[in-house]
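Undergrad: sequence? don't have it. structure:
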């Protein structure tokens, strides 16, 4: 425990690491604000923001035919007036919401009509998926294709009963789910800290001295691995928390916390049915697992280098290879390539956002489930190799070996 606490202090309480974490946190918050300003017109157009706040109270909450009819009574005339692009472009038209016909239509279409239509139609779309999946299940069962039948049965179970009953503002969650900048910041901190874990000891030949002590060798390496585990989990979880708080400050996330995750457009085909807040929590934990797996690989590389530069370059190369593979196969139907790539566990909307399966001994296993297991195995294997390949004590119970 003393070795573990010592190694933990070496990771967390070093001035460069602390300064980098503080600077990167500020940089992350600044980037979040820039992303929100660039993507959301409610941040940059004061008139739209005011009108949206005024109208949101009329349509938020449970979706009813009365609310839908009221919205369409306003939107349909605007659609008819602006379809032929001959309506006046004046910005002070009496009776309009924003002062302009086109602006009214665009505001209502973007922030009310389109999302409400998507929410309202989701139940019917999900029921159609269930119907087709059950038909496929029966067909494949008759043809003797057991795996395909079981896969379609799983699809029917996943989509059965899905519906979005409430209208809420989800733009903030859309930006949060597609925000990856903080992953790069977390990676840089992990690379800098972990690649020096063994290199610092070698540079001052402390590793040779520790081999002659009862607490050196395997005990020291095990303490480093435990401390690195805490560090590699804490850093990405910190940035996930900063991301949530940052987007929550600039774009209200609390309104949509309880909506099912598939209510957000980019997650409509998600294979999980938890709430948006629940999904983000699971996503943050999964991302931390992916970083932990890579962190153990970084430590294994660090054992091979006498100076910190080589492990840093090697770790960066590993991450770039994983990133290139993730970009290449992340949106493809090659689910196995995603399951074995820790990059896809870090940028996990590629896993959770689609309903895909891997054939494991005839059983359909969701890609994200397989990816979590594979990342855990990768991290454990790298940690075990680091422990096995590390130096062994030259003293055992006070007697020279």
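TA: Now that the structure is in, tell me what you want to look at. This structure is a prediction, so every number in the text was calculated from the model and none was measured.
Undergrad: CA only for contacts and neighbour counts going forward, please
TA: Will do.
Undergrad: per-domain residue ranges of the protein.
TA: Following automatic domain parsing, the chain resolves into domains at 2-40+170-400, 61-167.
Undergrad: Span of the last one from start to end?
TA: In other words, domain 61-167. Distance across domain 61-167, first residue to last, is 5 Å (CA to CA, to the nearest Å).
Undergrad: mean confidence for that domain?
TA: For domain 61-167, mean pLDDT rounds to 92.
Undergrad: With the first one instead?
TA: The average of the pLDDT scores along domain 2-40+170-400 is 84.
Undergrad: what sits against residue 140?
TA: 146, 148-149 (CA atoms under 8 Å, 6 or more residues apart in numbering).
Undergrad: and it, that's in a helix?
TA: Yes. Counting by DSSP: H, G, I helix; E, B strand; the rest coil, residue 140 is located in a helix.
Undergrad: Buried residues of stretch 281-290, list them for me.
TA: 281, 283-290 (16 or more other CA atoms under 10 Å).
Undergrad: Same question for stretch 182-193.
TA: In stretch 182-193, counting by 16+ other CA under 10 Å, buried: 182-183, 185-193.
Undergrad: can you check stretch 250-269 too?
TA: Buried residues in stretch 250-269 (16+ other CA under 10 Å): 250-253, 255-257, 259-269.
Undergrad: And it, how far out from the chain middle?
TA: How far stretch 250-269 lies from its chain's middle: 14 Å, per CA atoms, centre = their mean, to the nearest Å.
Undergrad: My guess is residue 387 contacts residue 223. True?
TA: No. Applying CA atoms under 8 Å as the test, residue 387 and residue 223 come out as separate, 10.2 Å apart.
Undergrad: for the protein, what spans make up the strands?
TA: For the chain, the strands defined by DSSP state E occupy 61-62, 166-167, 357-360, 363-366, 395-396, 399-400.
Undergrad: wait, which of the ones you listed is closest to residue 35?
TA: strand 166-167 (24.0 Å; CA to CA).
Undergrad: Take the buried residues of stretch 281-290 and write them to TSV, including distance to residue 107.
TA: Formatted as TSV, the buried residues of stretch 281-290 follow (distance: CA to CA, whole Å):
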residue	distance to residue 107
281	31
283	31
284	33
285	36
286	36
287	35
288	38
289	40
290	39
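Undergrad: And those, which is closest to residue 353?
TA: Distances from residue 353 to these, taken by CA to CA, are shortest for residue 283, at 11.0 Å.
Undergrad: And the nearest residue to the closest one once chain neighbours are set aside, its phi and psi?
TA: Of all residues not flanking residue 283 in the chain, residue 348 sits nearest, at 6.7 Å (CA to CA, 6 or more residues apart in numbering). Residue 348 has phi and psi values of phi -80, psi 0 when expressed as degrees, to the nearest 10.
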